[in-house]
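Novice: Predicted model and sequence below, questions to follow.
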Amino acid sequence: MVPKENPYTPSSKNQKPSPSAVHSQPGSSQGSPCGLDQVPSPPSLIIGSSTFLTKTEHNQSRRTTHISAEQKRRSNINIGFKTLCNLVPTLKTLSNVPNATTLQKTVEHISKLQQERQQMQEEIKKLREEIEELNTSISACQEQLPATGVPMRQNRLDHMEERFDEYVKSHTFQNWKFWIFSIIIKPLFESFNSMVTTTSKARLCQTTLQWLDCHCSLPVLRPMVLSRLRHLSTTTSILSHPLRLPDEAIKAVTDTDA
């Protein structure tokens with residue numbers, strides 16, 4: 001015999017489940033006292049995940065910025081060392097130079113430049129002092145000259161020029177080196193010829209002493225001799241072909257007669 005099924009009655013709808021049935025229902029919060037602590041609610045899970053992602057992105061951004069700054073710093077250092085290698089003469093011909101060697105050679109080059117600069121400044125100072133001495137000497141010589149000048153007759157000047165040329169010619173034939181000496185002293189002769197007068201013995205002594213003071217002092221002779229040597233070097237073959245100089249000297253005094 002098959003037992004009869006209990007028909008569904010309205011009263012069964014209002015029946016309460018047994019305590020054991022309620023305790024065994026899955027997902028029921030009453031079945032486990034710790035159920036609320038072990039399973040987080042969905043809003044708190046979303047907030048925690050969002051905070052973690054934000055911190056991760058911030059750390060990644062800081063790391064990227066730091067790496068970029070470090071790469072830029074190293075690039076600038078490499079560019080600086082390459083610039084030093086191009087500026088220092090002793091490093092231009094070398095390759096794969098260690099940075100320590102580059103710095104050492106740079107320090108040596110800077111020290112050398114500083115020494116050269118100091119030497120140049122000292123030389124400039126000496127030249128300026130010499131210029132001041134020369135200007136003072138020139139001013140003193142000009143103050144000693146007569147206000148009206150020294151009267152000279154042109155025919156006397158021409159006569160002295162001829163005598164000088166004859167004297168140079170005769171001594172050059174004896175020794176060709178005298179011609180070089182005559183080129184150097186020619187400005188002294190010209191200043192003597194224009195300044196010294198022989199109108200009287202007293203005037204001769206006076207003008208001769210004035211000429212000595214004005215034209216024979218060392219500050220005046222130095223630039224004058226330098227100028228004549230420069231003229232000799234540029235108008236003769238004394239530097240390029242010294243062996244030709246004797247013939248040039250003889251030819252120079254011979255052409256004077258012509």
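Specialist: Cool, the structure landed.
Novice: make it CA atoms for all contacts and neighbour counts henceforth
Specialist: Noted.
Novice: what about Tyr167, helix or strand, and which?
Specialist: Remark: Tyr167 resides in helix 154-174, with elements defined by DSSP states H and E.
Novice: could you say what helices and strands that helix packs with?
Specialist: helix 177-195, helix 245-257 (3 or more Cα pairs under 8 Å, 6 or more residues apart in numbering; DSSP states H and E).
Novice: If you count contacts, what does the longest one end up packed against?
Specialist: Translated: helix 177-195. The contact analysis (3+ Cα pairs under 8 Å, 6+ apart) places helix 177-195 against helix 154-174, helix 201-215, helix 218-235, helix 245-257.
Novice: Try it again at 7 Å.
Specialist: Using 3 or more Cα pairs under 7 Å, 6 or more residues apart in numbering; DSSP states H and E, the elements in contact with helix 177-195 are helix 154-174, helix 201-215, helix 218-235.
Novice: And those helices: which comes nearest Leu103?
Specialist: The closest approach between Leu103 and any of those, judged by Cα to Cα, belongs to helix 218-235 at 44.9 Å.
Novice: Export the helices and strands packed on helix 177-195 to TSV and append columns for mean neighbour count.
Specialist: Listed next are the helices and strands packed on helix 177-195 as TSV, based on neighbours: other Cα atoms under 10 Å:
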stretch	mean neighbour count
helix 154-174	14
helix 201-215	16
helix 218-235	14
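Novice: Quick one: those as JSON lines, columns for distance to Ser75 and mean pLDDT too.
Specialist: As requested, those are exported to JSON lines (distance: least, Cα to Cα, whole Å; pLDDT from 0 to 100):
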{"stretch": "helix 154-174", "distance to Ser75": "74", "mean pLDDT": "84"}
{"stretch": "helix 201-215", "distance to Ser75": "67", "mean pLDDT": "90"}
{"stretch": "helix 218-235", "distance to Ser75": "55", "mean pLDDT": "89"}
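Novice: Arg63 is nearest to which of those?
Specialist: Nearest of the helices and strands packed on helix 177-195 (Cα to Cα): helix 218-235, 72.5 Å.
Novice: quick revisit: pull the residues that contact the helix holding Tyr167.
Specialist: Phe178, Trp179, Ser182, Asn193, Ile250, Val253 (Cα atoms under 7 Å, 6 or more residues apart in numbering).
Novice: Over to stretch 221-228?
Specialist: Residues from elsewhere that reach stretch 221-228 (Cα under 7 Å, 6+ apart): Ile183, Ile184, His215.
Novice: repeat that for 6 Å
Specialist: If you take Cα atoms under 6 Å, 6 or more residues apart in numbering as the criterion, stretch 221-228 is touched by Ile184.
Novice: Tell me the gap between that stretch and the middle of its chain.
Specialist: Distance of stretch 221-228 from the chain centroid (Cα atoms, centre = their mean, to the nearest Å) equals 34 Å.
Novice: And Val196, its phi and psi?
Specialist: Main-chain torsions, Val196, degrees, to the nearest 10: phi -80, psi 130.
Novice: no wait, Thr197
Specialist: Dihedral angles (degrees, to the nearest 10) for Thr197: phi -120, psi 150.
Novice: so how far is Glu122 from the residue lying closest to it once chain neighbours are set aside?
Specialist: Closest residue in space to Thr197, ignoring its immediate chain neighbours: Leu204 at 5.5 Å, by Cα to Cα, 6 or more residues apart in numbering. Distance from Leu204 to Glu122, counting by Cα to Cα, to the nearest Å: 44 Å.
Novice: Lowest average confidence across the helices and strands packed on helix 154-174, which one?
Specialist: Lowest mean pLDDT within those: helix 245-257, a mean of 84.
Novice: May I have that helix exported as CSV, CA atoms only?
Specialist: Extracted in CSV, the C-alpha atoms of helix 245-257 (Å, rounded to 0.1, in the frame of the first residue of the first chain):
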residue,chain,number,x,y,z
LEU,A,245,123.7,90.1,-47.0
PRO,A,246,127.3,91.1,-47.9
ASP,A,247,126.4,91.6,-51.5
GLU,A,248,123.3,93.5,-50.6
ALA,A,249,125.4,95.9,-48.4
ILE,A,250,127.9,96.6,-51.2
LYS,A,251,125.1,97.1,-53.7
ALA,A,252,123.3,99.5,-51.3
VAL,A,253,126.3,101.8,-50.9
THR,A,254,127.1,101.6,-54.6
ASP,A,255,123.5,102.6,-55.6
THR,A,256,123.7,105.6,-53.4
ASP,A,257,126.2,107.3,-55.8
